[in-house]
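# following is a predicted model, sequence given first.
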Amino acid sequence: MTKTHDVLIAGGGLNGPALALALAQAGLSVAVVDPRPADARATDSFDGRAYALAVSSQRLLKALGLWDGLAADSQPIRQVKASQGRPGDGAAPFFLHFDSAETEEGPVGHMLEDRFLYKALLGAMTGRVTHLPGVAVTGQQVDQAGVTVTLSDGGTMRARMLVGADGRGSGVAKRAGITRRGWDYGQTALVAAIDHDLPHDGIAQQYFMATGPLAILPLPGNRSSVVWSETQANAQAILQLDDDDFLKVLRPRFGDFLGDIALAGGRFSYPLSLSLADRYAVARVALVGDAAHGVHPIAGQGLNLGLRDVAALAQVLVEASRRGEDIGSELVLQRYQSWRRFDATALALGMDGVNRLFATDNPVVSAVRGLGMGMVTALPALRRGFMRQAAGLSVDPMPRLLTGRPL
């Protein structure tokens with residue numbers, strides 16, 4: 001007989017395992033189906049991929065019992081500086097400045113490499129979550145009592161509900177009849193890690209250029225992660241360059257404030273687009289992370305938005321289970337959608353607006369946006385409000401996991 005789980009999660013990136021651990025911690029039976037091999041990212045070698053974790057995301061990891069083991073490998077973000085820039089000229093003086101010394105929350109956030117976070121999630125699932133690596137969900141059939149899932153290896157699984165944590169092209173969403181809307185930005189993100197001569201002092205830099213933003217994010221030691229958005233044509237040409245020529249193109253954009261720079265790992269790229277699901281939940285099915293909302297990386301909020309979904313969905317399901325409700329019912333899952341959809345959509349469209357605002361060299365627009373950003377820096381109350389939003393502390397109501405408390 002096929003074993004029935006409470007929740008089956010399609011997708012083993014970061015959001016899927018985090019949700020699985022939160023649910024298992026509260027006593028639910030959970031399975032994670034992950035198309036990639038278990039060791040695909042759980043390596044000891046540095047490859048340059050990293051995330052800017054908001055304060056609320058760090059607290060969620062603490063609630064899951066993971067943060068104490070991750071803290072030593074993280075880099076606190078103590079300040080954020082934003083400035084306008086032009087390719088070849090580096091950055092102008094910053095017009096927006098956030099300093100963690102102004103708040104009682106500690107660092108603005110933490111940078112953490114993918115390899116450390118993924119390995120911690122993978123290790124924590126052992127013995128607590130049914131994990132099926134190297135297998136994909138290829139079909140799903142919903143009925144009144146649950147959902148039957150077909151797997152790529154020919155097997156089937158049964159659960160009371162199914163969660164799609166399977167990215168922007170979510171097969172779970174498509175099979176559930178959930179449509180999407182959005183648009184292509186005509187940009188590609190170039191991601192790399194850079195060694196530099198001088199210390200970064202925990203300062204994250206964001207340069208806004210007409211061809212796309214360039215983020216320089218501090219990693220432990222004299223090393224930073226670069227997320228460089230360029231037009232598709234420019235990015236395609238840059239991708240064809242060898243490492244030395246890549247650095248020649250990057251240096252004038254990066255500037256010399258950190259001294260000489262060199263590549264510290266591999267180079268990655270991905271196309272940029274906005275992709276929003278029209279619904280986050282239907283009967284027996286819910287979406288989290290990029291399956292619900294794929295956003296521009298301009299503020300580094302992609303993973304943080306996904307972990308907000310995780311915290312909200314976990315709380316909805318656990319509370320419903322404790323009340324004896326059917327956790328896969330549309331009535332229960334609509335509570336999750338009501339909690340998350342407005343917040344995620346507002347942030348996604350806000351980042352879209354910022355990207356469009358800065359994607360022009362028009363001097364009038366440039367002057368107006370510089371004035372507006374300067375006002376944010378000059379007004380302490382407004383600046384602290386922006387900092388709380390970036391830290392993920394303005395969600396209302398705040399899920400328990402985002403406060404550091406387990407369910």
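Yep, it's here.
# ranges for the helices of the stretch 301-407 of the chain?
302-322, 330-358, 363-378, 380-390 (DSSP state H, counting those that start in this stretch).
# now stretch 134-153: mean pLDDT?
Computed over stretch 134-153, the mean pLDDT rounds to 96.
# tell me the contacts of residue 61?
18, 53, 67, 70 (CB atoms under 8 Å, 6 or more residues apart in numbering). (Each C-beta comes from the backbone N, C-alpha and C, glycine too.)
# run through the stretch 1-150 of the chain and note the low-pLDDT ranges.
1-2, 40-47, 85-95, 103 (pLDDT under 70).
# in it, which spans are strands?
4-10, 30-34, 50-54, 75-77, 79-86, 90-91, 96-99, 109-113, 130-133, 137-142, 147-151 (DSSP state E, counting those that start in this stretch).
# which other helices and strands does the first one contact?
Same thing as strand 4-10. Other helices and strands packing on strand 4-10, by 3 or more CB pairs under 8 Å, 6 or more residues apart in numbering; DSSP states H and E, are helix 15-25, strand 30-34, strand 147-151, strand 156-164, helix 302-322.
# what's the distance between that strand and the middle of its chain?
Remark: strand 4-10 is offset 23 Å from the chain centroid, using CA atoms, centre = their mean, to the nearest Å.
# hmm, residue 171 and residue 162 touching each other?
No. Between residue 162 and residue 171 there is no contact under CB atoms under 8 Å: 10.8 Å.
# what's the pLDDT at residue 184?
89.
# tell me the SS of the nearest residue to it once chain neighbours are set aside?
For residue 184, ignoring the flanking residues on the chain, the nearest one in space by CB to CB, 6 or more residues apart in numbering is residue 273 at 4.7 Å. Using DSSP: H, G, I helix; E, B strand; the rest coil, the secondary structure recorded for residue 273 is strand.
# do you know how far residue 273 is from residue 233?
Noted for residue 273: a distance of 16 Å to residue 233, by CB to CB, to the nearest Å.
# with neighbour numbers in mind, choose between the two.
Neighbour totals were compared for residue 273 and residue 233, and residue 273 leads with 15 against 11 (other CB atoms under 10 Å).
# can you give me the buried ones in stretch 117-131?
117-122, 124-125, 129-131 (16 or more other CB atoms under 10 Å).
# what of stretch 253-271?
253-255, 258, 261, 263-265, 267.
# please list the members of the residues you listed that lie in helices.
Cross-referencing those against helices under DSSP state H gives 253-254.
# find the nearest non-adjacent residue to the most centrally placed residue in the chain, please.
By CA atoms, centre = their mean, the mean C-alpha position of the chain lies nearest to residue 303, the distance being 1.4 Å. Spatially, and ignoring its direct neighbours in sequence, residue 303 is nearest to residue 51 (4.9 Å; CB to CB, 6+ apart).
# against residue 305, how distant is the one you found?
Taken as CB to CB, the span from residue 51 to residue 305 is 12 Å.
# neighbour count winner among these two?
More crowded of residue 51 and residue 305, by other CB under 10 Å: residue 305, with 26 against 22.
# the nearest residue to residue 328 once chain neighbours are set aside: what's it in contact with?
The spatially closest residue to residue 328, leaving aside those adjacent along the chain, is residue 161, at 3.4 Å (CB to CB, 6+ apart). For residue 161, the contact set (CB under 8 Å, 6+ apart) comprises 6-8, 146-147, 284-286, 317, 327-328, 333.
# contacts for stretch 174-182?
Residues contacting stretch 174-182 (CB under 8 Å, 6+ apart): 139-140, 142, 164, 170, 173, 273-279, 282, 285, 287, 294.
# nearest to residue 100, of the contacts of residue 61?
residue 53 (13.8 Å; CB to CB).
# neighbours around the closest one, how many?
27.
# ok, residue 71 next?
14.
# ditto for residue 69
Counted with other CB under 10 Å, residue 69 comes out at 14.
# nearest residue to it other than its sequence neighbours?
residue 120 is the one closest to residue 69 (CB to CB, 6+ apart), at 6.0 Å.
# who's in contact with the one you found?
66, 69-70.
# isn't residue 257 right next to residue 198, touching?
Yes. Counting by CB under 8 Å, residue 198 is a contact partner of residue 257 at 7.5 Å.
# pLDDT weak spots in the stretch 251-400 of the chain?
299-300, 353-396.
# let's go with 50 and repeat that
379, 382-383 (pLDDT under 50).
# residues near residue 143, how many?
Neighbour tally, residue 143, other CB under 10 Å: 9.
# can you get me a residue count around residue 212?
For residue 212, using other CB under 10 Å, the count is 27.
# ok, so of the contacts of residue 61, who is nearest residue 216?
For the contacts of residue 61, the nearest to residue 216 is residue 53 (16.9 Å; CB to CB).
# which residues does the nearest residue to that closest one once chain neighbours are set aside contact?
Nearest residue to residue 53 in three dimensions, chain neighbours excluded: residue 110, at 4.8 Å (CB to CB, 6+ apart). Taking CB under 8 Å, 6+ apart, we find residue 110 in contact with 52-53, 58, 71, 74-77.
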